[in-house]
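S.K.: Model the following, please.
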Amino acid sequence: MGPCLPAIDDVAAAADRIKGILRPLTVIDADADLVPDAEIVLALEFLQHTGSFKARGAANLVVALVQARRMPAAGIVSATGGNADIGFAWAAQRLGIPATVFLDRSTPSARVERLRSLGAEVHVAGATKADTLQVARRFQEQTGAIDAYTHDDTLTCAGAGTILLELAAARPMLDTVVCAVGAGGMFSGIAAVADTLGIRLVGAEPEGSQALHAALAADAVLEVDIDSIAAESLGAPRVSPAALAWAKTTDARSVVVDDGAIVHARLQLWQRHRIAVEYGSAVGLAAVLTGAYRPRPAERIGIVLCGANTDPADLIDN
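M.R.: Residues are numbered from 1 along each chain as shown. Coordinates of the predicted model:
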């Protein structure tokens, strides 16, 4: 049995569920000389609730479970250690259900307090992420809470896919969309829409965290080593089977960029547009600036800036 792929109908259903809950996508034109041979538009998804695209998939999952009366009294549990935890906590608070988050002891205190401010019950348990996941699984088994991250990949991916529905509506003549790839949830949802609308999809990854690129080379999901400045948001050791399947069955391109290019692209976004994003969000632009993805003349490219949960201190001009 193959992976469960999000389809365009799943994304359309997600758009209906989360309408009025999520912030509409803001789209702006990049400076004309940023990439002289192409027309670049920036999808400012980092303006979403919680500062990342994760709010879309989280809201779609929680609303679907509530509507189907399948949400247990214990609510949801999450232990990703990343932006997904924040998205699930926000969605749970928005829908009035309990959320429990488990984190390892290396988690910054600011992230712990942010999750608590969103109404989540936070437990700092375990020296490593693996230890924390085991504690979270025991909690799930004892309480019946739903593991928000793994319960239904189709719902979370489809929620993320609504980004391209809104981007294509704002820019109907779009040729290509470029998005960063971590575990591949956003990539899978966007792929379902891109395939239907005839938009080329480019998945961009850091050289030090290239789970999709490596999986395509091996024709199989495999574990990769993680060593990148963008690892906090794109540090998935393996890509989802759905993302690999979509990359193989569509006209998707997979490209990688080094950390230096990511740092440069992030600075360009700040210096030219006063946009402060996390390193992972700059990977898509880095792919175009370096020529890892080389645009055709006058190609109309949308770049998804997917998160801004970052410390902007290193962007301040001297």
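S.K.: Report the contact partners of residue 168.
M.R.: Contact analysis of residue 168 by C-beta atoms under 8 Å, 6 or more residues apart in numbering lists 174, 193, 197, 199. All C-beta spots, glycine's among them, are computed from the backbone N, C-alpha and C.
S.K.: Could you list the low-pLDDT ranges of this structure?
M.R.: Applying pLDDT under 70 to the chain flags the ranges 1-4, 151-152, 317-318.
S.K.: now the strands for it?
M.R.: Listed in chain order, the strands of the chain (DSSP state E) span residues 27-29, 38-44, 76-78, 99-103, 121-124, 146-147, 176-180, 200-206, 253-257, 299-305.
S.K.: Residue 144 and residue 72 touch, don't they?
M.R.: Yes - between residue 144 and residue 72 there is a contact under C-beta atoms under 8 Å: 4.6 Å.
S.K.: Could you double-check that residue 214 sits in contact with residue 222?
M.R.: Yes - with contacts defined as C-beta under 8 Å, residue 214 counts as touching residue 222 at a distance of 6.2 Å.
S.K.: So for the two, which residue has more residues nearby?
M.R.: Higher neighbour count among residue 214 and residue 222: residue 214, with 20 against 14, using other C-beta atoms under 10 Å.
S.K.: residue contacts, the more buried one?
M.R.: By C-beta under 8 Å, 6+ apart, the neighbours of residue 214 are 222, 224.
S.K.: if we can go back for a sec, now for the contacts of residue 168, which sits with the most neighbours around it?
M.R.: Top of the contacts of residue 168 by neighbour count (other C-beta under 10 Å): residue 193, with 27 neighbours.
S.K.: Residue 7 versus that one, what's the distance?
M.R.: The gap separating residue 193 from residue 7 is 10 Å, by C-beta to C-beta, to the nearest Å.
S.K.: now the helices for the stretch 201-318 of the chain?
M.R.: 211-218, 231-234, 241-249, 259-273, 283-290 (DSSP state H, counting those that start in this stretch).
S.K.: and the angle from the first one to strand 200-206?
M.R.: The directions of helix 211-218 and strand 200-206 differ by 110 degrees, with axes from the mean of the first three to the mean of the last three C-alpha atoms, to 10 degrees as the criterion.
S.K.: Then the longest one?
M.R.: Put simply, helix 259-273 runs at 120 degrees to strand 200-206, going by the same axes, to 10 degrees.
S.K.: Quick check: buried residues in helix 259-273?
M.R.: 259, 261-266, 268-270, 273 (16 or more other C-beta atoms under 10 Å).
S.K.: Check which helices and strands it is in contact with.
M.R.: On a contact count with 3 or more C-beta pairs under 8 Å, 6 or more residues apart in numbering; DSSP states H and E, helix 259-273 meets helix 283-290.
S.K.: Spit out the contact partners of residue 128.
M.R.: By C-beta under 8 Å, 6+ apart, the contact set of residue 128 is residue 104.
S.K.: How about the one 4 residues further on?
M.R.: With contacts defined as C-beta under 8 Å, 6+ apart, residue 132 is in contact with 79, 81, 102-104, 125-126.
S.K.: what do you get if the cut-off is 7 Å, keeping everything else the same?
M.R.: Each residue near residue 132 by C-beta atoms under 7 Å, 6 or more residues apart in numbering is listed here: 79, 102-104, 125-126.
S.K.: Skipping adjacent residues, who's closest to it in space?
M.R.: Spatial nearest neighbour of residue 132, excluding adjacent residues (C-beta to C-beta, 6 or more residues apart in numbering): residue 126 at 3.7 Å.
S.K.: just residue 139 next, same as before
M.R.: Residue 139 sits nearest to residue 77 (C-beta to C-beta, 6+ apart), 5.8 Å away.
S.K.: Could you measure from that neighbour over to residue 132?
M.R.: 11 Å.
S.K.: again, but for residue 51
M.R.: Relative to residue 132, and taking C-beta to C-beta, residue 51 is found at 22 Å.
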